[in-house]
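Participant: Curious how this folds, go ahead:
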Amino acid sequence: MAIMRGNSLVSILLLMVSPCVPAFGGASLDFEQELTALHDAGFHVSLPPGPVPVQELRGGPGRGLSGPRASRARASKAAGEPIDLGSMFTDGVREQKDINSCHSFVTVALLEAAYFRRHGEKIRLSEADLFVQHTVLGGRVYDGFVGESATSLSESDYMELDLDFAFAHGVATAPQYEPLLEKWRRYREAEKRTLEDLLKQAKLDEQRKEELKRRFDGVAKEDAREQLSRADFELLFEEEVYDVRSHWKELQMGTLSKKTLERFLTGNSDELARQREEMRGKFKGMSRVTRTFDEGRAYDDVTDLSARECREAGSGQLAAINEELKAGRPAAVSMWDPSPANHAFLVTGTQKGKTGALMLRTRDSYYLDQPLPLAFACGIYRVTSIHEK
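Facilitator: Just a heads-up that it's a prediction; the model follows:
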């Protein structure tokens with residue numbers, strides 16, 4: 001989707017990608033042809049520096065998307081034969097539904113592909129288990145409530161942190177995603193009502209305190225004690241401000257509360273723990289490699305570019321993806337989406353559109369089987385893959 005002004009494309013609506021890549025083999029097509037064409041057209045094109053592990057993630061967590069799916073219809077021209085590494089998986093693309101869990105899906109896809117490359121067999125890992133263990137039980141769902149007074153649980157996360165968590169703790173092969181959905185929706189709605197009530201009460205307490213300050217301005221503390229209830233006295237003279245947000249998160253992340261929630265959402269924790277430990281051993285020797293590109297760039301900075309300018313600005317991102325594909329490794333990308341927000345998905349090769357234009361083949365839990373045109377490359381701010389030590 002694009003916004004047109006006269007005959008000039010002035011803005012690309014990025015459709016992507018928090019957050020949660022294949023080999024070219026003997027095929028003749030690669031992105032060098034596309035980059036060479038850009039260079040011949042007068043653009044400066046260079047390969048990015050070597051892989052550098054991310055020390056600090058700034059581009060924003062992949063949150064997934066909700067609402068109507070936009071179309072990735074615009075394509076860019078390139079020659080050569082398409083690549084398809086989707087055969088590394090047990091099934092087709094899986095859908096995140098109304099949970100902002102794209103980061104869990106792309107992380108699991110990366111791990112499944114890496115497992116296939118190392119062990120020679122396909123495996124089905126659980127997006128539900130990773131989402132619950134890292135994002136939910138890790139307390140990250142309450143970050144928005146604590147930091148921004150949001151009353152909706154924060155389902156978004158960084159797929160790079162998901163991947164590091166999976167290497168350290170493993171990922172179960174069950175439960176699968178569909179059984180989690182209804183349980184999570186029930187918990188999410190109940191918790192939203194609780195958070196709204198907590199913030200409402202906190203606001204009433206603040207108003208009450210301001211009223212008491214006005215009434216007892218200049219009144220000695222001991223004199224005020226005789227005139228106030230214990231609750232009002234403590235509210236007026238409390239030395240440490242009570243933080244209901246942090247306190248609620250602390251209560252929910254207590255050992256008993258977490259165990260109760262875990263059993264409600266995913267069932268038999270002992271069996272799942274055994275599966276995680278087994279997979280953790282299978283993941284040994286794997287490591288995350290992430291390349292970053294203009295993480296500080298604002299959403300408006302990329303949507304103001306023409307299709308040609310966006311593709312040229314994303315030449316480093318395309319080169320990084322190309323390098324992974326040629327090595328036989330799928331690549332996870334993090335991008336801006338139209339909200340603006342962030343989204344993450346897996347690149348599993350290339351394909352040609354109806355006009356013969358080259359596009360990126362994706363495994364995307366929100367946009368499903370829609371390919372990504374190269375003209376959206378400037379919106380990519382991280383490329384992540386799994387290497388073997």
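Participant: Could you list the low-pLDDT ranges of the stretch 251-389 of the chain?
Facilitator: Under the criterion pLDDT under 70, the flagged ranges of the stretch 251-389 of the chain are 295-303, 337-341.
Participant: how about the helices in it?
Facilitator: Per DSSP state H, counting those that start in this stretch, the stretch 251-389 of the chain has helices spanning 255-266, 269-282, 299-303, 307-313, 315-326. These are given in chain order.
Participant: Please, where are all the strands along the stretch 151-300 of the chain?
Facilitator: 286-292 (DSSP state E, counting those that start in this stretch).
Participant: Residue 325 and residue 271, how far apart?
Facilitator: Separation of residue 325 from residue 271 (Cβ to Cβ, to the nearest Å): 37 Å. C-betas here are computed from N, CA, C, even on glycine.
Participant: Counting neighbours around each, name which of these two comes out higher.
Facilitator: Counted by other Cβ atoms under 10 Å, residue 325 and residue 271 do not tie: residue 325 has more neighbours, with 29 against 12.
Participant: which one of the helices of the stretch 251-389 of the chain is the most hemmed in?
Facilitator: helix 315-326 (a mean of 24; mean count of other Cβ atoms under 10 Å).
Participant: With only the CA atoms kept, save that helix in PDB.
Facilitator: Extracted C-alpha coordinates of helix 315-326, given in PDB (Å, rounded to 0.1, in the frame of the first residue of the first chain):
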ATOM      1  CA  SER A 315      20.800  -2.500   0.600                       C
ATOM      2  CA  GLY A 316      22.900  -3.400   3.600                       C
ATOM      3  CA  GLN A 317      19.900  -5.300   5.100                       C
ATOM      4  CA  LEU A 318      19.400  -7.200   1.800                       C
ATOM      5  CA  ALA A 319      23.100  -8.000   1.700                       C
ATOM      6  CA  ALA A 320      23.000  -9.400   5.300                       C
ATOM      7  CA  ILE A 321      19.900 -11.500   4.400                       C
ATOM      8  CA  ASN A 322      21.600 -12.700   1.200                       C
ATOM      9  CA  GLU A 323      24.700 -13.800   3.200                       C
ATOM     10  CA  GLU A 324      22.600 -16.000   5.500                       C
ATOM     11  CA  LEU A 325      20.600 -17.500   2.600                       C
ATOM     12  CA  LYS A 326      23.700 -18.400   0.700                       C
END
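Participant: most remote residue from the chain's center?
Facilitator: residue 223 (55.4 Å; Cα atoms, centre = their mean).
Participant: what pLDDT does it get?
Facilitator: On pLDDT, residue 223 comes in at 91.
Participant: can you map out the helices along the stretch 51-200 of the chain?
Facilitator: Remark: helices assigned in the stretch 51-200 of the chain by DSSP H, counting those that start in this stretch are 102-119, 127-130, 143-148, 159-169, 177-215.
Participant: by contact count, what packs against the fourth one?
Facilitator: This points to helix 159-169. Applying 3 or more Cβ pairs under 8 Å, 6 or more residues apart in numbering; DSSP states H and E, one finds that helix 159-169 contacts helix 102-119, helix 127-130, helix 269-282, strand 286-292, strand 380-388.
Participant: what about 6 Å?
Facilitator: Where contact means 3 or more Cβ pairs under 6 Å, 6 or more residues apart in numbering; DSSP states H and E, helix 159-169 is packed against helix 102-119.
Participant: Equivalent analysis for the shortest one, please.
Facilitator: Contacts of helix 127-130 with other secondary structure elements, assessed using 3+ Cβ pairs under 6 Å, 6+ apart, are made with helix 102-119, helix 177-215.
Participant: returning to what we had before: with mean pLDDT as extra columns, can I get the helices of the stretch 51-200 of the chain in a markdown table?
Facilitator: Listed next are the helices of the stretch 51-200 of the chain as a markdown table, based on pLDDT from 0 to 100:
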| stretch | mean pLDDT |
| --- | --- |
| helix 102-119 | 97 |
| helix 127-130 | 97 |
| helix 143-148 | 90 |
| helix 159-169 | 97 |
| helix 177-215 | 93 |
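Participant: Nearest approach to residue 379 belongs to which of these?
Facilitator: Closest to residue 379 of the helices of the stretch 51-200 of the chain, according to Cβ to Cβ: helix 102-119, at 14.6 Å.
Participant: okay but residue 320 is in contact with residue 290, surely?
Facilitator: No: judged on Cβ atoms under 6 Å, residue 320 makes no contact with residue 290 at a distance of 9.9 Å.
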